[in-house]
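>>> Could you look at this predicted model? Sequence included:
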Amino acid sequence: MASTIEHAGGTGPSPEHETTTGLPNTKLAMWLFLASDCLFFGALISSYLLYRGASTQGPFPKDVYDIPYTSVSSFVLLGSSLTMVLALAAAQRRDFGRMRIWLLATAMLGMTFVGGQVYEFTAFHREGLSLSQNLFGSTFFVLTGFHGAHVVIGILMLLSLVSFSYADKLPEDASFPVEMVGLYWHFVDIVWIIIFTVVYLIPTGSPK
């Protein structure tokens, strides 16, 4: 309905002109950043796979992992991809009220995931696993902690979009910044699917 369509932008800068690649500068920069981040996560995942079965003292993965708990936490993060898609669809319809709701829902799901990760880290520490305990602990905490930091950055980006929307500082095409944040958020979700599979679901070899 027309009454649900609010004006929440137009005073901010317009999207940038397209480059010779056919992409706006901002979108091209985002894709380049995500490509470089793929390499970084690839190196971290490779290090984890290389060293997780090399520890000579515990705790070992089978001693600390709680697969059902982490599965629920993963489902929460993956569900945030749906709310992100709904936020973009609302922005494209210029339905800024619903856009804010879905952005906030995405941020809340991200916060739930981060809270679950903090709880998991705390539980692992009580079991004796720390960053310096063994090679498994070092590679596990660096890999999952680095991903968690990405989720936190994404949450701040989502909350910034909501803030800018209320302050009338979004560009006239508000779907553009929402799309850019959405690209980042979906990337973080896809990376977690890989991490969850590699770290939690693939059996670990016997300790050396």
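Everything's here; your move.
>>> got the buried residues for stretch 29-41?
Neighbour counts over stretch 29-41 (16 or more other CB atoms under 10 Å) mark M30, L34, D37, F41 as buried. C-beta coordinates here come from the backbone N, C-alpha and C atoms, glycine included.
>>> go on, stretch 69-76?
For stretch 69-76, the neighbour count (16+ other CB under 10 Å) marks T70, S73, S74, V76 as buried.
>>> lowest average confidence, helix or strand, in this structure?
One helix or strand of the chain scores below all others by mean pLDDT, DSSP states H and E: helix 61-64, with a mean of 82.
>>> Off-centre distance for that helix?
Distance of helix 61-64 from its chain centroid, counting by CA atoms, centre = their mean, to the nearest Å, is 25 Å.
>>> what's the answer for stretch 37-55, then?
In terms of CA atoms, centre = their mean, the centre of stretch 37-55 is set 18 Å apart from its chain centre.
>>> again with stretch 117-137
Distance of stretch 117-137 from its chain centroid, counting by CA atoms, centre = their mean, is 21 Å.
>>> and the end-to-end length of that stretch?
Terminal residues of stretch 117-137 lie 15 Å apart, using CA to CA, to the nearest Å.
>>> ok, residues contacting it?
Stretch 117-137 is contacted by residues 51-61, 63-64, 66, 69-70, 73, 138, 140-142, 144-145, 148 when judged by CB atoms under 8 Å, 6 or more residues apart in numbering.
>>> now stretch 65-84
Stretch 65-84 is contacted from outside by 102, 105-106, 109-110, 112-113, 116-117, 120, 123, 151, 181-182, 185-186, 189, 192-193, 196, 200-201, using CB under 8 Å, 6+ apart.
>>> got CSV for the buried residues of stretch 69-76, with secondary structure too?
Below are these laid out as CSV (DSSP: H, G, I helix; E, B strand; the rest coil):
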residue, secondary structure
T70, helix
S73, helix
S74, helix
V76, helix
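>>> what's the distance between V72 and F196?
12 Å (CB to CB, to the nearest Å).
>>> Need phi/psi at Q92.
phi -70, psi -30 (degrees, to the nearest 10).
>>> ugh, wrong one, F60
Per degrees, to the nearest 10, the backbone of F60 is at phi -110, psi 170.
>>> count of residues packed around the residue nearest to Q92 when sequence neighbours are not counted?
Closest residue in space to Q92, ignoring its immediate chain neighbours: S175 at 4.5 Å, by CB to CB, 6 or more residues apart in numbering. Here the number of neighbours of S175 (other CB atoms under 10 Å) works out to 21.
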